[in-house]
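Engineer: what follows is a predicted protein model with its sequence.
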Amino acid sequence: MSQRGSSFPGPLSTVLPWSFSFQPRDFSLPNSSWGSDMRRLYEHYNSQWVWRRLPSYNRSLKYTTGTVWKVRSFSRRLVFTRNIREQRAAFEYVVFVNKQEQKCVCVFQAGHLLEGPPGHVHGGAISTMIDTVTGTHATYLSGPVMTANLNINYRSPIPLGSTVLLTCSLDKKEGRKTFFPCQVTNTYSSKLHTEATGLFLSITMGHLLGG
Ligand SMILES: CCCCC/C=C\C/C=C\C/C=C\C/C=C\CCCC(=O)SCCNC(=O)CCNC(=O)[C@H](O)C(C)(C)COP(=O)(O)OP(=O)(O)OC[C@H]1O[C@@H](n2cnc3c(N)ncnc32)[C@H](O)[C@@H]1OP(=O)(O)O
């Protein structure tokens, strides 16, 4: 199994040095809780050179900034989707980007802690994953961004424990604004579960730090 894409390849890596990286756990690598659909799709995308796996950590700034005081103020905080220790329990996912086509896919296995309607995934958990995937793609293409608007239509419920595919593309860029449509389907792309559009605004890091 190849392990390509071990460093974040987007614009952030040129802006922010990685001087505080110390081999943190990469949550987007396969683990024993992944079911057969997760593994099959992971292998499918990981084996094609046009798709690049993005690593995923449980702290957003500790591993991306080179400024000591920022590390001190952010390092104890954990990224929402990566802060549940028990594998399989919540958000198991891996994101791949296709730079040529400006597309991004996420293979997502929804764990039992994400229940909304009996036996099915909570709408807030689905929107979390849509925000994460479109936000990751926006960051990859445009550098630091914040979600300004998420518009979501839930078309069919997602069974708890199942694996789904999120597909996101770049629609248009207008100055600081970037628009990303996103669909959530079953793993064969034959059933639509959710469709959404995300609007992201490019920001400076000062915006996040209250500057
Ligand atoms: C998010 C982390 C970024 C840092 C990255 C660093 C390291 C991380 C590494 C990797 C990250 C990987 C993955 C990311 C994972 C998850 C993503 C989660 C993202 C989120 O979960 S993030 C939380 C929820 N998010 C907020 O908490 C935003 C609160 N909000 C604001 O902070 C401001 O509101 C802001 C910045 C959005 C805009 O403020 P602003 O002052 O910069 O811009 P302004 O208002 O002037 O608008 C300029 C033009 O955008 C139009 N515009 C604005 N808002 C609009 C809207 N809602 N609808 C339609 N158009 C809108 C205006 O109409 C105008 O348009 P025009 O130019 O045409 O007049």
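Structural biologist: All right, it came through fine.

Engineer: helix/strand/coil for the closest residue to the ligand within the chain?
Structural biologist: Closest residue of the chain to the ligand, CB to the nearest ligand atom: residue 135 (2.6 Å). Bear in mind the C-beta positions are built from the backbone N, C-alpha and C, glycine included. Classification of residue 135 using DSSP: H, G, I helix; E, B strand; the rest coil returns helix.

Engineer: nearest spatial neighbour of residue 126, skipping sequence neighbours?
Structural biologist: residue 194 (5.5 Å; CB to CB, 6 or more residues apart in numbering).

Engineer: swap that for residue 184, please
Structural biologist: residue 194 (4.0 Å).

Engineer: what about the helix or strand where the one you found lies, near the ligand?
Structural biologist: Assigned by DSSP states H and E, residue 194 falls within strand 192-202. Yes: looking at strand 192-202 against the ligand by CB under 6 Å from any ligand atom, the contacts come from 199, 201.

Engineer: so what touches that strand?
Structural biologist: If you take CB atoms under 8 Å, 6 or more residues apart in numbering as the criterion, strand 192-202 is touched by 126-127, 130-131, 134-135, 138, 142-158, 164, 168, 171, 176-186.

Engineer: quick one, which of these are buried?
Structural biologist: Applying 16 or more other CB atoms under 10 Å to the contacts of strand 192-202, the neighbour count classes 126-127, 130-131, 134-135, 138, 142-145, 147, 150, 152, 158, 164, 168, 178-180, 182-186 as buried.

Engineer: all strands for this protein, in order.
Structural biologist: Here the chain has its strands, by DSSP state E, at 52-54, 91-98, 103-110, 145-154, 163-169, 172-174, 177-186, 192-202.

Engineer: what does the chain have sitting close to the ligand?
Structural biologist: 12, 60-61, 64, 131-132, 135-136, 139, 144-149, 175, 177, 199, 201, 203, 207-208.

Engineer: cutoff 5 Å now
Structural biologist: 60, 64, 131-132, 135-136, 139, 144, 146-149, 201 (CB under 5 Å from any ligand atom).

Engineer: want to throw those into TSV with pLDDT?
Structural biologist: Converted to TSV, the residues of the chain next to the ligand look like this (pLDDT from 0 to 100):
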residue	pLDDT
60	74
64	53
131	98
132	97
135	97
136	96
139	94
144	92
146	97
147	98
148	98
149	98
201	98
